[in-house]
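Peer 1: Compute the structure for the input listed below.
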Amino acid sequence: MPAALDLAVLAVYLGCALWVGRAAGRGRDLEGFLFGGRRLAWPLILGSIVATETSTATFLSVPGLSFREGGSLWFLQLALGYCLGRWLVARLFLPAYFAGRIESAYELLGQRFGGGTRRLAAGTFLVTRTVGDGLRLFLTAAALERFLGVSFLAALLCLSAATLAYTALGGMASIVWNDCLQGLLYLAGGVLALVWAVEALPGGFGEMLDFARESGRLRLFHGGDWLTDKRHWLAGILGGLVLTMGTHGADQMMVQRCLAAGEPKAAARALLWSGPVVLLQFLLFLALGLALAAEARHSGLNPAPDQAVAAFLARTAPAGSGFLGLFAAAIAAAAMSTLSSSLNASAGALLSDFWRPWRGPRGGELTLLRGFTLLFMGLQIAVALLARGQSESVVSEVLAVASFSAGLLLGLFLLARLAPRADARAAGIGFAASLGALLWLRFGAPAFGFVLAWPWYALVGAGMLILVGAALAPRAAAAGATPLRSDTRPRAGDSADDAR
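Peer 2: Next up is the predicted model:
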(Lines give C-alpha, C1' and ligand atoms only; values in the text may rest on other atoms or scores of the structure.)
Protein backbone atom coordinates (compact mmCIF):
# COMPACT_ATOMS: atom_id res chain seq x y z
CA MET A 1 0.00 0.00 0.00
CA PRO A 2 1.30 3.51 -0.78
CA ALA A 3 2.28 5.68 2.19
CA ALA A 4 -0.27 8.36 3.05
CA LEU A 5 2.38 11.09 3.08
CA ASP A 6 3.61 10.16 -0.42
CA LEU A 7 0.06 10.35 -1.77
CA ALA A 8 -0.45 13.66 0.05
CA VAL A 9 2.66 15.15 -1.58
CA LEU A 10 1.43 14.09 -5.02
CA ALA A 11 -2.03 15.49 -4.25
CA VAL A 12 -0.51 18.83 -3.18
CA TYR A 13 1.36 19.05 -6.48
CA LEU A 14 -1.80 18.36 -8.49
CA GLY A 15 -3.66 20.96 -6.44
CA CYS A 16 -0.91 23.53 -7.10
CA ALA A 17 -1.15 22.82 -10.83
CA LEU A 18 -4.87 23.59 -10.76
CA TRP A 19 -4.34 26.74 -8.69
CA VAL A 20 -1.62 28.03 -11.04
CA GLY A 21 -3.85 27.26 -14.00
CA ARG A 22 -6.68 29.31 -12.55
CA ALA A 23 -4.45 32.20 -11.43
CA ALA A 24 -2.60 32.47 -14.76
CA GLY A 25 -5.47 31.64 -17.09
CA ARG A 26 -6.28 34.03 -19.92
CA GLY A 27 -8.55 31.71 -21.82
CA ARG A 28 -11.48 34.12 -22.00
CA ASP A 29 -11.37 34.39 -25.80
CA LEU A 30 -9.88 32.52 -28.75
CA GLU A 31 -6.58 34.42 -28.76
CA GLY A 32 -6.17 33.96 -25.04
CA PHE A 33 -6.99 30.25 -25.12
CA LEU A 34 -4.66 29.37 -28.00
CA PHE A 35 -1.86 31.94 -27.65
CA GLY A 36 -2.13 33.58 -24.23
CA GLY A 37 -3.05 36.87 -25.93
CA ARG A 38 0.25 36.71 -27.92
CA ARG A 39 2.06 38.64 -25.22
CA LEU A 40 3.74 36.02 -23.02
CA ALA A 41 7.28 36.86 -21.90
CA TRP A 42 10.05 34.99 -23.71
CA PRO A 43 11.57 33.42 -20.53
CA LEU A 44 8.18 31.79 -19.90
CA ILE A 45 8.09 30.56 -23.50
CA LEU A 46 11.61 29.19 -23.06
CA GLY A 47 10.61 27.26 -19.94
CA SER A 48 7.51 25.96 -21.69
CA ILE A 49 9.46 24.76 -24.74
CA VAL A 50 11.93 22.85 -22.58
CA ALA A 51 9.26 21.33 -20.36
CA THR A 52 7.04 20.42 -23.33
CA GLU A 53 9.76 18.41 -25.08
CA THR A 54 10.55 16.61 -21.81
CA SER A 55 8.51 13.61 -20.82
CA THR A 56 8.66 10.75 -18.35
CA ALA A 57 11.13 9.09 -20.72
CA THR A 58 13.66 11.85 -20.03
CA PHE A 59 13.42 11.39 -16.27
CA LEU A 60 13.54 7.59 -16.33
CA SER A 61 15.18 6.51 -19.60
CA VAL A 62 17.97 9.05 -20.23
CA PRO A 63 19.84 7.99 -17.05
CA GLY A 64 19.68 4.44 -18.41
CA LEU A 65 21.83 5.47 -21.40
CA SER A 66 24.83 6.06 -19.14
CA PHE A 67 23.84 3.46 -16.52
CA ARG A 68 23.87 0.45 -18.86
CA GLU A 69 26.99 -1.62 -19.52
CA GLY A 70 28.88 0.09 -22.36
CA GLY A 71 26.92 3.30 -21.81
CA SER A 72 28.32 6.76 -22.38
CA LEU A 73 27.42 10.43 -22.79
CA TRP A 74 26.67 10.03 -26.51
CA PHE A 75 23.16 11.43 -26.07
CA LEU A 76 24.67 14.91 -25.68
CA GLN A 77 25.49 14.75 -29.41
CA LEU A 78 21.76 14.96 -30.09
CA ALA A 79 21.54 18.06 -27.90
CA LEU A 80 24.30 19.69 -29.96
CA GLY A 81 22.25 18.95 -33.07
CA TYR A 82 19.18 20.37 -31.32
CA CYS A 83 20.99 23.68 -30.82
CA LEU A 84 21.97 23.91 -34.50
CA GLY A 85 18.48 22.91 -35.63
CA ARG A 86 16.88 25.64 -33.51
CA TRP A 87 19.09 28.23 -35.17
CA LEU A 88 17.91 27.07 -38.60
CA VAL A 89 14.27 27.14 -37.48
CA ALA A 90 14.72 30.72 -36.26
CA ARG A 91 16.21 31.70 -39.61
CA LEU A 92 14.04 29.72 -42.03
CA PHE A 93 10.60 29.37 -40.43
CA LEU A 94 9.91 32.00 -37.77
CA PRO A 95 9.85 34.98 -40.20
CA ALA A 96 7.13 33.28 -42.26
CA TYR A 97 5.08 32.41 -39.18
CA PHE A 98 5.10 36.00 -37.94
CA ALA A 99 4.53 37.72 -41.29
CA GLY A 100 0.77 37.22 -40.97
CA ARG A 101 -1.51 36.50 -38.04
CA ILE A 102 -1.79 32.76 -38.49
CA GLU A 103 -3.28 30.32 -36.00
CA SER A 104 -1.90 27.09 -37.44
CA ALA A 105 1.50 26.33 -38.98
CA TYR A 106 -0.31 24.39 -41.68
CA GLU A 107 -2.04 27.51 -42.98
CA LEU A 108 1.18 28.24 -44.88
CA LEU A 109 0.98 24.87 -46.63
CA GLY A 110 -2.62 25.68 -47.56
CA GLN A 111 -1.49 28.94 -49.16
CA ARG A 112 1.20 27.11 -51.08
CA PHE A 113 -0.42 23.79 -52.08
CA GLY A 114 -4.10 24.18 -51.28
CA GLY A 115 -6.50 22.91 -48.66
CA GLY A 116 -5.87 19.20 -49.28
CA THR A 117 -2.19 19.39 -48.37
CA ARG A 118 -3.02 21.59 -45.41
CA ARG A 119 -5.43 18.95 -44.08
CA LEU A 120 -2.95 16.16 -44.81
CA ALA A 121 -0.28 17.88 -42.71
CA ALA A 122 -2.69 18.80 -39.92
CA GLY A 123 -4.17 15.30 -39.90
CA THR A 124 -0.69 13.78 -39.65
CA PHE A 125 0.03 16.00 -36.67
CA LEU A 126 -3.27 15.16 -34.95
CA VAL A 127 -3.02 11.38 -35.40
CA THR A 128 0.64 11.00 -34.47
CA ARG A 129 0.39 13.45 -31.58
CA THR A 130 -2.68 11.73 -30.13
CA VAL A 131 -1.19 8.25 -30.43
CA GLY A 132 2.26 9.27 -29.21
CA ASP A 133 1.00 11.20 -26.21
CA GLY A 134 -1.57 8.55 -25.38
CA LEU A 135 1.33 6.10 -25.10
CA ARG A 136 3.28 8.58 -22.98
CA LEU A 137 0.25 8.85 -20.71
CA PHE A 138 0.25 5.05 -20.45
CA LEU A 139 3.97 4.94 -19.61
CA THR A 140 3.55 7.61 -16.92
CA ALA A 141 0.56 5.91 -15.29
CA ALA A 142 2.46 2.59 -15.35
CA ALA A 143 5.48 4.28 -13.72
CA LEU A 144 3.30 5.74 -10.94
CA GLU A 145 1.70 2.32 -10.46
CA ARG A 146 5.13 0.76 -9.86
CA PHE A 147 6.42 3.73 -7.90
CA LEU A 148 3.61 4.34 -5.44
CA GLY A 149 1.66 1.09 -5.57
CA VAL A 150 -1.55 2.80 -6.71
CA SER A 151 -3.71 1.17 -9.34
CA PHE A 152 -2.98 1.91 -13.00
CA LEU A 153 -6.52 3.18 -13.61
CA ALA A 154 -6.39 5.53 -10.62
CA ALA A 155 -3.06 6.99 -11.75
CA LEU A 156 -4.33 7.35 -15.32
CA LEU A 157 -7.55 9.12 -14.37
CA CYS A 158 -5.91 11.46 -11.84
CA LEU A 159 -3.24 12.54 -14.30
CA SER A 160 -5.81 13.02 -17.07
CA ALA A 161 -8.33 14.93 -14.94
CA ALA A 162 -5.77 17.36 -13.52
CA THR A 163 -4.19 18.00 -16.92
CA LEU A 164 -7.56 18.50 -18.59
CA ALA A 165 -8.77 20.83 -15.85
CA TYR A 166 -6.02 23.45 -16.06
CA THR A 167 -5.70 23.12 -19.85
CA ALA A 168 -9.39 23.74 -20.48
CA LEU A 169 -9.62 26.31 -17.68
CA GLY A 170 -6.95 28.80 -18.67
CA GLY A 171 -5.64 27.81 -22.08
CA MET A 172 -2.13 28.72 -23.20
CA ALA A 173 -1.20 31.05 -20.33
CA SER A 174 -2.20 28.39 -17.83
CA ILE A 175 -0.19 25.77 -19.73
CA VAL A 176 2.95 27.92 -20.00
CA TRP A 177 2.99 28.87 -16.32
CA ASN A 178 2.37 25.26 -15.34
CA ASP A 179 5.11 24.12 -17.73
CA CYS A 180 7.57 26.36 -15.91
CA LEU A 181 6.42 25.05 -12.51
CA GLN A 182 6.61 21.47 -13.74
CA GLY A 183 10.03 22.01 -15.30
CA LEU A 184 11.42 23.30 -12.02
CA LEU A 185 9.84 20.38 -10.16
CA TYR A 186 11.24 17.58 -12.32
CA LEU A 187 14.67 19.27 -12.47
CA ALA A 188 14.64 19.55 -8.68
CA GLY A 189 13.74 15.87 -8.53
CA GLY A 190 16.64 15.05 -10.84
CA VAL A 191 19.11 17.11 -8.79
CA LEU A 192 17.89 15.57 -5.53
CA ALA A 193 18.17 12.05 -6.97
CA LEU A 194 21.72 12.80 -8.18
CA VAL A 195 22.77 14.16 -4.79
CA TRP A 196 21.20 11.16 -3.09
CA ALA A 197 22.99 8.70 -5.39
CA VAL A 198 26.36 10.43 -4.98
CA GLU A 199 26.01 10.45 -1.18
CA ALA A 200 25.39 6.69 -1.32
CA LEU A 201 28.92 6.22 -2.70
CA PRO A 202 31.70 5.79 -0.10
CA GLY A 203 34.00 7.96 -2.23
CA GLY A 204 31.34 10.49 -3.18
CA PHE A 205 31.57 12.50 -6.39
CA GLY A 206 35.23 11.56 -6.92
CA GLU A 207 34.36 7.87 -6.94
CA MET A 208 31.63 8.49 -9.48
CA LEU A 209 34.04 10.28 -11.84
CA ASP A 210 36.76 7.65 -11.40
CA PHE A 211 34.30 4.85 -12.11
CA ALA A 212 32.86 6.66 -15.15
CA ARG A 213 36.35 7.28 -16.54
CA GLU A 214 37.56 3.71 -15.98
CA SER A 215 34.44 2.19 -17.53
CA GLY A 216 34.53 4.49 -20.58
CA ARG A 217 31.23 6.11 -19.71
CA LEU A 218 32.58 9.66 -20.10
CA ARG A 219 32.97 9.14 -23.83
CA LEU A 220 31.01 11.68 -25.87
CA PHE A 221 31.83 11.05 -29.54
CA HIS A 222 31.69 7.58 -31.08
CA GLY A 223 32.85 6.17 -34.39
CA GLY A 224 31.68 2.94 -35.99
CA ASP A 225 29.08 2.52 -38.72
CA TRP A 226 27.53 5.94 -39.22
CA LEU A 227 24.34 4.51 -40.75
CA THR A 228 23.50 1.81 -38.23
CA ASP A 229 25.10 3.00 -34.97
CA LYS A 230 22.91 5.57 -33.24
CA ARG A 231 25.89 6.65 -31.14
CA HIS A 232 27.97 7.74 -34.14
CA TRP A 233 28.70 11.46 -33.89
CA LEU A 234 27.36 12.16 -37.38
CA ALA A 235 24.05 10.40 -36.65
CA GLY A 236 23.77 12.25 -33.35
CA ILE A 237 24.56 15.77 -34.51
CA LEU A 238 23.06 15.73 -38.02
CA GLY A 239 20.14 13.54 -36.98
CA GLY A 240 19.44 15.79 -34.00
CA LEU A 241 19.61 18.87 -36.23
CA VAL A 242 17.02 17.59 -38.72
CA LEU A 243 14.83 16.11 -35.98
CA THR A 244 14.58 19.41 -34.11
CA MET A 245 13.83 21.25 -37.36
CA GLY A 246 10.82 18.95 -37.72
CA THR A 247 9.67 19.02 -34.11
CA HIS A 248 10.20 22.76 -33.56
CA GLY A 249 9.70 24.17 -37.05
CA ALA A 250 6.88 22.09 -38.50
CA ASP A 251 4.98 20.83 -35.45
CA GLN A 252 1.97 22.88 -34.35
CA MET A 253 2.70 22.28 -30.67
CA MET A 254 6.03 24.14 -30.79
CA VAL A 255 5.01 26.68 -33.42
CA GLN A 256 2.10 27.66 -31.16
CA ARG A 257 4.60 28.32 -28.34
CA CYS A 258 6.57 30.68 -30.55
CA LEU A 259 3.46 32.53 -31.74
CA ALA A 260 2.47 33.11 -28.09
CA ALA A 261 5.52 35.36 -27.75
CA GLY A 262 3.85 37.87 -30.06
CA GLU A 263 6.90 38.96 -32.07
CA PRO A 264 9.72 37.09 -33.84
CA LYS A 265 12.68 38.39 -31.83
CA ALA A 266 11.21 37.21 -28.53
CA ALA A 267 10.23 33.86 -30.05
CA ALA A 268 13.71 33.39 -31.52
CA ARG A 269 15.32 34.25 -28.19
CA ALA A 270 13.21 31.66 -26.38
CA LEU A 271 13.81 29.03 -29.06
CA LEU A 272 17.58 29.55 -29.28
CA TRP A 273 18.20 29.58 -25.52
CA SER A 274 16.10 26.46 -25.04
CA GLY A 275 18.81 24.45 -26.82
CA PRO A 276 21.58 24.96 -24.23
CA VAL A 277 19.04 24.45 -21.42
CA VAL A 278 18.05 21.07 -22.90
CA LEU A 279 21.73 20.15 -23.21
CA LEU A 280 22.31 20.90 -19.52
CA GLN A 281 19.17 18.96 -18.64
CA PHE A 282 20.44 15.91 -20.53
CA LEU A 283 23.79 16.27 -18.77
CA LEU A 284 22.03 16.22 -15.39
CA PHE A 285 20.14 13.00 -16.11
CA LEU A 286 23.15 11.31 -17.71
CA ALA A 287 25.19 12.19 -14.61
CA LEU A 288 22.45 10.57 -12.54
CA GLY A 289 22.92 7.41 -14.60
CA LEU A 290 26.68 7.49 -13.93
CA ALA A 291 26.10 7.79 -10.18
CA LEU A 292 23.60 4.92 -10.18
CA ALA A 293 25.98 2.71 -12.16
CA ALA A 294 28.74 3.37 -9.60
CA GLU A 295 26.34 2.71 -6.72
CA ALA A 296 25.19 -0.57 -8.29
CA ARG A 297 28.69 -1.99 -7.77
CA HIS A 298 28.18 -1.67 -4.02
CA SER A 299 24.56 -2.80 -3.86
CA GLY A 300 25.12 -5.76 -6.18
CA LEU A 301 21.77 -5.05 -7.85
CA ASN A 302 21.45 -4.75 -11.61
CA PRO A 303 18.00 -3.46 -12.63
CA ALA A 304 17.03 -2.86 -16.24
CA PRO A 305 18.53 0.46 -17.42
CA ASP A 306 15.13 2.15 -17.81
CA GLN A 307 14.20 1.06 -14.28
CA ALA A 308 17.46 2.11 -12.57
CA VAL A 309 16.14 5.42 -11.20
CA ALA A 310 12.85 4.00 -9.92
CA ALA A 311 14.58 0.95 -8.42
CA PHE A 312 17.17 3.06 -6.57
CA LEU A 313 14.63 5.51 -5.17
CA ALA A 314 12.18 2.80 -4.13
CA ARG A 315 15.01 0.93 -2.37
CA THR A 316 16.65 3.86 -0.58
CA ALA A 317 13.84 6.34 0.16
CA PRO A 318 12.83 6.28 3.84
CA ALA A 319 9.42 4.65 4.22
CA GLY A 320 6.62 7.14 4.73
CA SER A 321 8.96 10.14 4.41
CA GLY A 322 7.16 11.71 1.44
CA PHE A 323 10.24 11.48 -0.79
CA LEU A 324 8.62 8.91 -3.07
CA GLY A 325 5.64 11.26 -3.39
CA LEU A 326 8.00 14.07 -4.39
CA PHE A 327 9.63 11.96 -7.09
CA ALA A 328 6.23 10.72 -8.24
CA ALA A 329 5.18 14.37 -8.59
CA ALA A 330 8.34 15.04 -10.64
CA ILE A 331 7.49 12.14 -12.98
CA ALA A 332 3.89 13.35 -13.28
CA ALA A 333 5.09 16.92 -13.94
CA ALA A 334 7.36 15.78 -16.79
CA ALA A 335 4.39 14.05 -18.42
CA MET A 336 1.73 16.70 -17.80
CA SER A 337 3.84 19.47 -19.36
CA THR A 338 3.78 17.54 -22.64
CA LEU A 339 0.19 16.33 -22.43
CA SER A 340 -1.33 19.76 -21.75
CA SER A 341 0.55 21.30 -24.67
CA SER A 342 -0.58 18.47 -26.91
CA LEU A 343 -4.24 18.93 -25.97
CA ASN A 344 -4.22 22.67 -26.60
CA ALA A 345 -2.34 22.43 -29.92
CA SER A 346 -4.52 19.57 -31.16
CA ALA A 347 -7.73 21.45 -30.33
CA GLY A 348 -6.41 24.53 -32.12
CA ALA A 349 -5.37 22.57 -35.22
CA LEU A 350 -8.74 20.80 -35.42
CA LEU A 351 -10.53 24.16 -35.26
CA SER A 352 -8.24 26.07 -37.66
CA ASP A 353 -7.47 23.39 -40.23
CA PHE A 354 -10.69 21.35 -40.35
CA TRP A 355 -13.67 22.99 -38.65
CA ARG A 356 -13.35 26.53 -39.98
CA PRO A 357 -12.67 25.58 -43.63
CA TRP A 358 -15.73 23.32 -43.41
CA ARG A 359 -18.20 25.46 -41.44
CA GLY A 360 -16.58 28.92 -41.57
CA PRO A 361 -15.92 31.24 -38.60
CA ARG A 362 -18.85 31.18 -36.17
CA GLY A 363 -19.69 32.23 -32.66
CA GLY A 364 -19.10 29.96 -29.71
CA GLU A 365 -15.67 28.85 -30.89
CA LEU A 366 -14.19 29.08 -27.39
CA THR A 367 -16.72 26.56 -26.12
CA LEU A 368 -15.96 24.44 -29.16
CA LEU A 369 -12.23 24.56 -28.37
CA ARG A 370 -12.85 23.33 -24.85
CA GLY A 371 -14.97 20.53 -26.29
CA PHE A 372 -12.16 19.58 -28.66
CA THR A 373 -9.74 19.58 -25.70
CA LEU A 374 -12.01 17.12 -23.90
CA LEU A 375 -12.24 15.02 -27.09
CA PHE A 376 -8.47 14.67 -27.41
CA MET A 377 -8.08 13.89 -23.72
CA GLY A 378 -10.58 11.09 -24.18
CA LEU A 379 -8.69 9.79 -27.22
CA GLN A 380 -5.39 9.80 -25.34
CA ILE A 381 -6.98 7.90 -22.45
CA ALA A 382 -8.33 5.36 -24.96
CA VAL A 383 -4.84 4.90 -26.44
CA ALA A 384 -3.37 4.45 -22.95
CA LEU A 385 -5.97 1.81 -22.07
CA LEU A 386 -5.38 -0.05 -25.34
CA ALA A 387 -1.62 0.01 -24.72
CA ARG A 388 -2.21 -1.58 -21.32
CA GLY A 389 -2.77 -4.94 -22.98
CA GLN A 390 0.18 -4.72 -25.37
CA SER A 391 3.78 -5.79 -24.96
CA GLU A 392 6.54 -3.22 -24.45
CA SER A 393 7.88 -3.99 -27.94
CA VAL A 394 4.52 -3.12 -29.54
CA VAL A 395 4.38 0.16 -27.62
CA SER A 396 7.92 1.10 -28.68
CA GLU A 397 7.16 0.29 -32.34
CA VAL A 398 4.02 2.46 -32.34
CA LEU A 399 5.99 5.29 -30.76
CA ALA A 400 8.61 4.93 -33.49
CA VAL A 401 5.94 5.26 -36.20
CA ALA A 402 4.53 8.32 -34.44
CA SER A 403 8.00 9.89 -34.58
CA PHE A 404 7.96 9.70 -38.39
CA SER A 405 5.80 12.84 -38.45
CA ALA A 406 8.81 15.11 -37.80
CA GLY A 407 10.44 14.16 -41.11
CA LEU A 408 7.19 14.06 -43.08
CA LEU A 409 6.02 17.51 -41.96
CA LEU A 410 9.47 19.04 -42.32
CA GLY A 411 9.65 17.61 -45.84
CA LEU A 412 6.37 19.33 -46.81
CA PHE A 413 7.56 22.69 -45.53
CA LEU A 414 10.98 22.41 -47.20
CA LEU A 415 9.38 21.27 -50.46
CA ALA A 416 7.18 24.37 -50.38
CA ARG A 417 10.23 26.55 -49.83
CA LEU A 418 12.81 24.88 -52.07
CA ALA A 419 10.73 23.67 -55.04
CA PRO A 420 8.61 26.57 -56.37
CA ARG A 421 7.20 24.43 -59.21
CA ALA A 422 5.92 21.65 -56.95
CA ASP A 423 2.14 21.35 -56.71
CA ALA A 424 -0.30 19.52 -54.43
CA ARG A 425 -0.05 16.31 -56.49
CA ALA A 426 3.74 16.26 -56.20
CA ALA A 427 3.53 16.96 -52.46
CA GLY A 428 0.99 14.17 -51.91
CA ILE A 429 2.94 11.55 -53.86
CA GLY A 430 6.15 12.63 -52.14
CA PHE A 431 4.44 12.25 -48.77
CA ALA A 432 3.24 8.71 -49.63
CA ALA A 433 6.68 7.70 -50.93
CA SER A 434 8.39 9.09 -47.84
CA LEU A 435 6.02 7.29 -45.46
CA GLY A 436 6.48 4.06 -47.38
CA ALA A 437 10.27 4.36 -47.23
CA LEU A 438 10.20 4.98 -43.49
CA LEU A 439 7.91 2.03 -42.82
CA TRP A 440 10.15 -0.24 -44.89
CA LEU A 441 13.29 0.93 -43.13
CA ARG A 442 11.68 0.33 -39.75
CA PHE A 443 9.98 -3.02 -40.40
CA GLY A 444 11.26 -4.43 -43.70
CA ALA A 445 14.98 -3.66 -43.83
CA PRO A 446 15.83 -5.47 -40.55
CA ALA A 447 14.75 -8.76 -42.19
CA PHE A 448 17.64 -8.24 -44.63
CA GLY A 449 20.11 -7.46 -41.86
CA PHE A 450 20.05 -3.67 -42.15
CA VAL A 451 18.89 -1.58 -39.20
CA LEU A 452 19.08 2.17 -39.78
CA ALA A 453 19.92 4.17 -36.67
CA TRP A 454 16.80 6.04 -35.51
CA PRO A 455 18.36 9.55 -35.56
CA TRP A 456 18.37 9.26 -39.39
CA TYR A 457 14.61 8.72 -39.73
CA ALA A 458 13.72 12.43 -39.84
CA LEU A 459 16.40 13.13 -42.46
CA VAL A 460 15.29 10.18 -44.61
CA GLY A 461 11.64 11.20 -44.33
CA ALA A 462 12.23 14.84 -45.25
CA GLY A 463 14.80 14.03 -47.94
CA MET A 464 12.67 11.42 -49.70
CA LEU A 465 9.63 13.71 -49.75
CA ILE A 466 11.63 16.60 -51.20
CA LEU A 467 13.33 14.46 -53.87
CA VAL A 468 10.12 12.78 -55.05
CA GLY A 469 8.06 15.98 -54.82
CA ALA A 470 10.62 18.03 -56.75
CA ALA A 471 11.03 15.31 -59.40
CA LEU A 472 7.25 15.21 -60.01
CA ALA A 473 6.85 18.99 -60.09
CA PRO A 474 5.34 20.38 -63.31
CA ARG A 475 7.66 22.21 -65.70
CA ALA A 476 5.89 25.46 -64.88
CA ALA A 477 4.84 26.61 -61.44
CA ALA A 478 1.33 25.54 -60.50
CA ALA A 479 -1.30 28.16 -61.25
CA GLY A 480 -2.01 30.25 -58.20
CA ALA A 481 0.79 28.68 -56.16
CA THR A 482 2.85 31.05 -54.05
CA PRO A 483 6.22 30.21 -52.52
CA LEU A 484 6.55 29.71 -48.79
CA ARG A 485 8.06 33.08 -48.00
CA SER A 486 8.47 35.55 -45.21
CA ASP A 487 5.68 37.77 -46.50
CA THR A 488 2.57 35.61 -46.13
CA ARG A 489 0.10 38.41 -45.43
CA PRO A 490 -3.09 38.22 -47.50
CA ARG A 491 -2.93 40.10 -50.77
CA ALA A 492 -5.64 41.40 -53.04
CA GLY A 493 -7.18 38.46 -54.83
CA ASP A 494 -6.39 35.88 -52.17
CA SER A 495 -9.22 33.49 -51.39
CA ALA A 496 -11.05 33.72 -48.09
CA ASP A 497 -9.57 30.39 -47.05
CA ASP A 498 -6.01 31.64 -47.73
CA ALA A 499 -6.68 34.89 -45.88
CA ARG A 500 -7.62 33.13 -42.65
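
Peer 1: residues contacting G430?
Peer 2: 411, 415, 422, 464-470, 472 (C-beta atoms under 8 Å, 6 or more residues apart in numbering). Bear in mind the C-beta positions are built from the backbone N, C-alpha and C, glycine included.

Peer 1: Checking my notes, it in a helix, right?
Peer 2: Yes: assigned with DSSP: H, G, I helix; E, B strand; the rest coil, G430 falls within a helix.

Peer 1: Need the per-residue pLDDT for it.
Peer 2: If you check G430, the pLDDT there is 97.

Peer 1: where's it relative to A470, distance?
Peer 2: From G430 across to A470, the span is 8 Å (C-beta to C-beta, to the nearest Å).

Peer 1: Equivalent analysis for G249, please.
Peer 2: G249 is 19 Å from A470, by C-beta to C-beta.

Peer 1: Looking at these two, which is more packed in?
Peer 2: G249 (27 against 17; other C-beta atoms under 10 Å).

Peer 1: That one against V255, yeah?
Peer 2: Yes: look at G249 against V255 with C-beta atoms under 8 Å: they come within range, at 7.5 Å.

Peer 1: Please enumerate the shared neighbours of those two.
Peer 2: F93.

Peer 1: so what sits against both of G430 and A470?
Peer 2: Contacts common to G430 and A470, judged by C-beta under 8 Å, 6+ apart, are 415, 422.

Peer 1: Longest helix in the chain, by number of residues?
Peer 2: If you go by DSSP state H, the chain has its longest helix at helix 152-199.

Peer 1: and the next element down the chain from that helix?
Peer 2: helix 204-214 (DSSP states H and E).

Peer 1: who's in contact with N302?
Peer 2: Per C-beta under 8 Å, 6+ apart, neighbours of N302: A296.

Peer 1: surely A400 meets L441?
Peer 2: No: assessed by C-beta under 8 Å, A400 is found out of contact with L441, at 10.4 Å.

Peer 1: so how far is the longest helix of the chain from its chain's centroid?
Peer 2: 15 Å (C-alpha atoms, centre = their mean, to the nearest Å).

Peer 1: if you average pLDDT over it, what comes out?
Peer 2: 92.

Peer 1: between it and helix 204-214, how many degrees?
Peer 2: Put simply, helix 152-199 runs at 100 degrees to helix 204-214, going by axes from the mean of the first three to the mean of the last three C-alpha atoms, to 10 degrees.

Peer 1: quick one, phi/psi of H222?
Peer 2: Note on H222: its backbone torsions stand at phi -120, psi 150 [degrees, to the nearest 10].

Peer 1: Number of residues surrounding it?
Peer 2: Residues near H222, counting by other C-beta under 10 Å: 18.

Peer 1: list the buried ones in the strand or helix carrying R146?
Peer 2: Following DSSP H and E, one finds R146 within helix 115-148. Buried residues in helix 115-148, counted by 16 or more other C-beta atoms under 10 Å: 115, 117-122, 124-126, 128-145, 147-148.

Peer 1: same thing with stretch 313-329?
Peer 2: So, applying 16+ other C-beta under 10 Å, buried residues of stretch 313-329: 313-314, 317, 322-329.

Peer 1: Equivalent analysis for stretch 221-239, please.
Peer 2: So, applying 16+ other C-beta under 10 Å, buried residues of stretch 221-239: 221-222, 229-239.

Peer 1: Then stretch 172-192?
Peer 2: Buried, per 16+ other C-beta under 10 Å, within stretch 172-192: 172-183, 185-187, 189-190.

Peer 1: before we move on, back to that, mind putting the contacts of G430 in TSV, pLDDT, distance to S55 and secondary structure included?
Peer 2: Output for the contacts of G430, formatted as TSV (pLDDT from 0 to 100; distance: C-beta to C-beta, whole Å; DSSP: H, G, I helix; E, B strand; the rest coil):
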residue	pLDDT	distance to S55	secondary structure
G411	96	25	helix
L415	95	30	helix
A422	94	35	coil
M464	96	28	helix
L465	97	27	helix
I466	96	29	helix
L467	97	32	helix
V468	96	32	helix
G469	96	32	helix
A470	95	35	helix
L472	93	37	coil
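
Peer 1: Among the residues you listed, find me the one that's closest to T58.
Peer 2: Proximity of those to T58 (C-beta to C-beta) peaks at G411, which lies at 26.5 Å.

Peer 1: In contact with that closest one, which residues?
Peer 2: 430-431, 434, 461-466, 469.

Peer 1: Now for the closest residue to it other than its chain neighbours: which residues touch it?
Peer 2: Leaving out its chain neighbours, the residue that sits closest to G411 by C-beta to C-beta, 6 or more residues apart in numbering is L465, at 3.0 Å. Shown in contact with L465 (C-beta under 8 Å, 6+ apart): 407-408, 411-412, 415, 427, 430-431, 433-434.

Peer 1: measure L465 to A266 for me?
Peer 2: 31 Å.

Peer 1: Could you do A143 as well?
Peer 2: 35 Å.

Peer 1: Ok, Y166 next?
Peer 2: For Y166 relative to A266 (C-beta to C-beta), the value is 24 Å.

Peer 1: Same drill for the two, tell me which one is more crowded.
Peer 2: Between Y166 and A266, counted using other C-beta under 10 Å, the more crowded position is Y166 (24 against 19).

Peer 1: Next, the contact list for the more buried one, please.
Peer 2: Counted by C-beta under 8 Å, 6+ apart, Y166 has contacts 17-18, 20-22, 25, 174-175, 178, 340.

Peer 1: Now tabulate the residues you listed in CSV and tack on distance to Q307.
Peer 2: Compiled in CSV, the contacts of Y166 are given as follows (distance: C-beta to C-beta, whole Å):
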residue, distance to Q307
A17, 26
L18, 31
V20, 31
G21, 32
R22, 36
G25, 37
S174, 33
I175, 30
N178, 28
S340, 26
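
Peer 1: Which among those count as buried?
Peer 2: The neighbour count (16+ other C-beta under 10 Å) marks 17-18, 20-21, 25, 174-175, 178, 340 as buried among the contacts of Y166.

Peer 1: export those to CSV and tack on distance to G289?
Peer 2: CSV is the format used below for the buried ones among the contacts of Y166 (distance: C-beta to C-beta, whole Å):
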residue, distance to G289
A17, 28
L18, 33
V20, 31
G21, 33
G25, 38
S174, 33
I175, 30
N178, 28
S340, 28
